[in-house]
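**Q** kindly generate the corresponding structure for this input.
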Amino acid sequence: MKILMFGWELPPQNSGGLGVACFNIAKALGEKNAEVIFVLPKKGNVYQDGFKVLFANVRVKVRQVDSILSSYLTPQKYSNILSEVEIKDFYGNTLFEEVLRYGKEARKIAKNEEFDVIHAHDWLSFVAGVTAKDASRKPLVVHIHATEFDRTGGRGVNQMVYDIEKWGMEKADKVIAVSQLTKNTIMDHYGIPDEKIEVVYNAHVEEDARRYENTLRDILKRPIVAFAGRITIQKGPDYFVEAAKKCLEYNPDIMFVMAGAGDMKDQMIEKATLLGIADNFLFEDFLRGGDLEKLYQAADLFVMPSVSEPFGLMALEAIQNGTPVLISKQMGAGEMLTHCLKVDFWDVDEMASKILSVIEHKELKECLIENGTKNLSRFSWKNSAKKCIDIYRNVINSIKKNA
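**A** Numbers count the residues shown, from 1 in each chain. Down below sits the predicted model:
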């Protein structure tokens, strides 16, 4: 089985969970003797064409397209990036022109590579995936990690992004959703039929987390409640700050940490100041790798109050690092996570109550850690890869049967 895969980020240059998921899916597919050609926009010289050290002993080849597409782009962010590029004429004048240009490059790759199926991740790569399908006559599977409704919290949906998402799913032979929650969104908002969509859950790396000494908890010697990720409307950072205010009215010793970057970060810093809780807030930059693991391990509780979260990979990472989690009921991972705390993202009173319960009751915290760790056995990248391969085979056989 040979897979031509289109994405737009991989670690260590990822700015969210999609890159982590793509990396682990590709690696797990390689471990099942599939050959993966992973195509992504070029961002510096971190990746080289050919086999990557990151995928040692696994048949995954990385190919790069010279493009300034990057993670979680909006039209305005793209314009800002383009303004800093010396040779502007090479790239599209708008985000959507650049997406189309990436698609044209995909046609060249599709004509020069041998493969059985195409797998495209999220809307930025859908044009590339459809173009490769047209050029090769091979089946296309599109993978939905988040929709425009998730990224915007349902407010201010970009019509052009929505149109590309819908078009890509309609052109695809199969659609993969990362949760039943996401599948329902696809059916309700995009009109894609139930039978065309398969749910393939994300997972966690099945290895013991590294343990660190002198974490933030050791330094501060105070209870720590953490939030990490993109500080955008989708992730519900404002609800986290509001819940913190209510918690501090009962326990002024708690330290809240918000790590990440996004268009709401300055607003959250200002909000904490206006609420008079800035002394109990620590704002950090976007963390990844060991730095993120240190935050998980320092925290008494990891909170994800997302307005709309198709999966929520960081919840699994936190649990793997021995930290209990509080997630919103609007999170896909909650379909499989049974040993964690859950709350509606907008219910800041209940959120605050559950945060205080974990801080004040050691037995609850230990129970969540013990059973949450056992719960992780339900998530496996090997199983996710196996399901992807089954999907590939089914669409290939279906096309042959109808030919």
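**Q** show residues contacting stretch 146-162.
**A** Residues outside stretch 146-162 that contact it (CB atoms under 8 Å, 6 or more residues apart in numbering) are 18, 72, 74-75, 96, 122-123, 165, 182, 185-186, 189-190, 232-234, 307-310. Every C-beta, even on glycine, is put in place using the N, C-alpha and C of the backbone.
**Q** which positions in it come out as buried?
**A** Within stretch 146-162, the residues that count as buried by 16 or more other CB atoms under 10 Å are 146, 147, 148, 149, 150, 151, 152, 153, 154, 158, 161, 162.
**Q** and the residues you listed as TSV, adding pLDDT and distance to residue 140?
**A** Converted to TSV, the buried residues of stretch 146-162 look like this (pLDDT from 0 to 100; distance: CB to CB, whole Å):
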residue	pLDDT	distance to residue 140
146	93	19
147	95	18
148	93	20
149	92	22
150	92	22
151	87	22
152	87	26
153	79	29
154	74	28
158	88	23
161	90	19
162	94	19
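**Q** and which of those residues is nearest to residue 353?
**A** Among these, residue 153 lies closest to residue 353 (CB to CB), at 23.7 Å.
**Q** just checking, the closest one is part of a helix?
**A** No. Under DSSP: H, G, I helix; E, B strand; the rest coil, residue 153 sits outside any helix and is assigned coil.
**Q** tell me, how many residues neighbour the residue nearest to residue 176 when sequence neighbours are not counted?
**A** Using CB to CB, 6 or more residues apart in numbering and skipping the chain neighbours, the partner closest in space to residue 176 is residue 143 (4.4 Å). If you count neighbours by other CB atoms under 10 Å, residue 143 ends up with 26.
**Q** name the nearest residue to residue 164, ignoring sequence neighbours.
**A** Nearest one to residue 164, counting by CB to CB, 6+ apart, is residue 123 at 5.0 Å.
**Q** does that neighbour touch residue 167 like I think?
**A** No. Assessed by CB atoms under 8 Å, residue 123 is found out of contact with residue 167, at 9.4 Å.
**Q** what does the pLDDT read for residue 194?
**A** If you check residue 194, the pLDDT there is 97.
**Q** now tabulate the buried residues of stretch 146-162 in JSON lines and tack on distance to residue 107.
**A** As requested, the buried residues of stretch 146-162 are arranged in JSON lines below (distance: CB to CB, whole Å):
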{"residue": "146", "distance to residue 107": "26"}
{"residue": "147", "distance to residue 107": "26"}
{"residue": "148", "distance to residue 107": "25"}
{"residue": "149", "distance to residue 107": "30"}
{"residue": "150", "distance to residue 107": "29"}
{"residue": "151", "distance to residue 107": "28"}
{"residue": "152", "distance to residue 107": "31"}
{"residue": "153", "distance to residue 107": "35"}
{"residue": "154", "distance to residue 107": "35"}
{"residue": "158", "distance to residue 107": "25"}
{"residue": "161", "distance to residue 107": "22"}
{"residue": "162", "distance to residue 107": "24"}
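**Q** okay, residue 123 and residue 167: which has more neighbours?
**A** residue 123 (27 against 15).
**Q** need the contact list for the more buried one.
**A** By CB under 8 Å, 6+ apart, the neighbours of residue 123 are 148, 161, 164, 165, 168.
**Q** what distance do you get for the residue lying closest to residue 32 once chain neighbours are set aside to residue 289?
**A** Closest residue in space to residue 32, ignoring its immediate chain neighbours: residue 385 at 5.4 Å, by CB to CB, 6+ apart. As judged by CB to CB, to the nearest Å, residue 385 and residue 289 stand 23 Å apart.
**Q** of the two, which one has the most company?
**A** residue 385 (22 against 10).
**Q** residue 126: neighbour count?
**A** Neighbours of residue 126 using other CB under 10 Å come to 25.
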